[in-house]
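**Student:** give me a model of this one.
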Amino acid sequence: MEHFDPETFELKFQITDAATDLYIEGDESFLIKDVAKEVDIDPAEVFNYFPNKESILRFYYAGLVFRYELMIDEIDDFDSYTLSEKFSNFAFASFDMLSEKQAFVEGTFDKLIMRSFANTDFEEEIERLIKQFLEEDQRLSMSSTVVLNSYFYTFLRWQYLELVHFWLNDSSEDKELTMELVDKLTGVLQELMYNAILDKGFDLAKFIASNRKTFFTNIPIVKQICSKIEIR
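**Tutor:** Residues are numbered from 1 along each chain as shown. Below you'll find the predicted structure:
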């Protein structure tokens with residue numbers, strides 16, 4: 001987290017926490033003076049951190065990623081987690097945090113995130129986290145790194161947002177369907193990124209190319225094909 005100031009984040013989180021509660025209690029409306037009162041600061045001070053009410057509400061979502069990173073800082077062996085473990089850990093932890101304000105999320109996720117005309121801070125922070133997980137993993141196959149670009153990160157970010165949407169609408173007991181879906185999706189992603197079969201294929205192709213004369217003259221079937229070509 002570049003230029004991350006814990007004290008500033010804590011105050012912004014408190015402002016957002018109060019605003020989201022007031023937003024639900026006030027039937028999708030709240031006053032800055034009421035937010036300031038809840039946080040025990042001057043109303044004008046709120047605008048030192050947020051330009052308007054909507055930015056306060058949007059920060060709730062972006063703040064989830066910052067909160068998650070503070071959580072994993074406390075996990076000593078997090079760097080040893082596999083790709084599947086990291087992605088599923090983030091998904092499950094974010095669902096837990098979202099459930100703390102489920103009424104707010106149900107009422108604003110589509111409007112503030114899914115139907116936003118431009119990328120939100122939340123989406124950019126998710127993409128940054130995804131990129132970090134992938135580019136710091138030493139177990140990726142060489143061939144899989146070819147897809148590590150902005151298009152791939154955007155694709156994975158959208159998959160996560162769709163997962164949140166699925167979670168919100170999941171009526172199964174304890175959201176079991178969502179949990180199973182996360183396990184399967186993260187497992188497939190890990191298999192794709194760790195699988196070295198293409199690496200071995202490239203090695204084989206390089207080996208054959210560097211020894212093509214030997215192969216072409218000593219392998220019977222290749223000799224037969226070459227002789228027929230020469231006759232024609």
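
**Student:** sec struct for F50, please.
**Tutor:** coil (DSSP: H, G, I helix; E, B strand; the rest coil).

**Student:** verify the contact between it and F59 for me.
**Tutor:** Yes. Using CB atoms under 8 Å, F50 is in contact with F59, at 6.9 Å. The way it works is simple: take the backbone N, C-alpha and C, and place the C-beta from them, glycine included.

**Student:** who has more neighbours out of these two?
**Tutor:** Between F50 and F59, counted using other CB atoms under 10 Å, the more crowded position is F59 (23 against 19).

**Student:** what's the spacing between the more buried one and T20?
**Tutor:** Using CB to CB, to the nearest Å, F59 is found at 10 Å from T20.

**Student:** again with A91
**Tutor:** Separation of A91 from T20 (CB to CB): 21 Å.

**Student:** and for E85?
**Tutor:** Look at E85 and T20: by CB to CB, they are 30 Å apart.

**Student:** related to what we said a few turns ago, identify the contacts common to F50 and F59.
**Tutor:** Jointly contacting F50 and F59 under the rule CB atoms under 8 Å, 6 or more residues apart in numbering are K12.

**Student:** okay, and L181 sits in which element?
**Tutor:** Using DSSP states H and E, the element containing L181 is helix 176-194.

**Student:** give the buried residues for that helix.
**Tutor:** Of the residues in helix 176-194, 178-179, 181-182, 185-186, 189-190, 193 count as buried by neighbour count, 16 or more other CB atoms under 10 Å.

**Student:** one more: stretch 151-161?
**Tutor:** Buried residues in stretch 151-161, counted by 16+ other CB under 10 Å: 153, 156-157, 160-161.

**Student:** any chance of those in a markdown table, with secondary structure too?
**Tutor:** Converted to a markdown table, those look like this (three-state DSSP):
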| residue | secondary structure |
| --- | --- |
| Y153 | helix |
| L156 | helix |
| R157 | helix |
| Y160 | helix |
| L161 | helix |
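
**Student:** looking at the residues you listed, which is nearest E125?
**Tutor:** R157 (9.6 Å; CB to CB).

**Student:** wait, that closest one touches R128, no?
**Tutor:** No. Between R157 and R128 there is no contact under CB under 8 Å: 9.5 Å.

**Student:** centre of the chain to the helix holding L181, how far?
**Tutor:** Remark: helix 176-194 is offset 13 Å from the chain centroid, using CA atoms, centre = their mean, to the nearest Å.

**Student:** that one packs against which elements?
**Tutor:** Where contact means 3 or more CB pairs under 8 Å, 6 or more residues apart in numbering; DSSP states H and E, helix 176-194 is packed against helix 83-99, helix 150-169.

**Student:** any idea of the mean pLDDT in stretch 89-96?
**Tutor:** Mean per-residue pLDDT for stretch 89-96: 98.

**Student:** enumerate every residue touching I130.
**Tutor:** Contacts for I130 (CB under 8 Å, 6+ apart) come out as 153, 156-157, 160.

**Student:** that one and Q159, how far apart?
**Tutor:** Counting by CB to CB, the gap from I130 to Q159 is 10 Å.

**Student:** gap between Y81 and D137?
**Tutor:** Separation of Y81 from D137 (CB to CB) stands at 9 Å.

**Student:** scratch that, D174 is what I was asking about
**Tutor:** According to CB to CB, D174 stands 30 Å off from D137.
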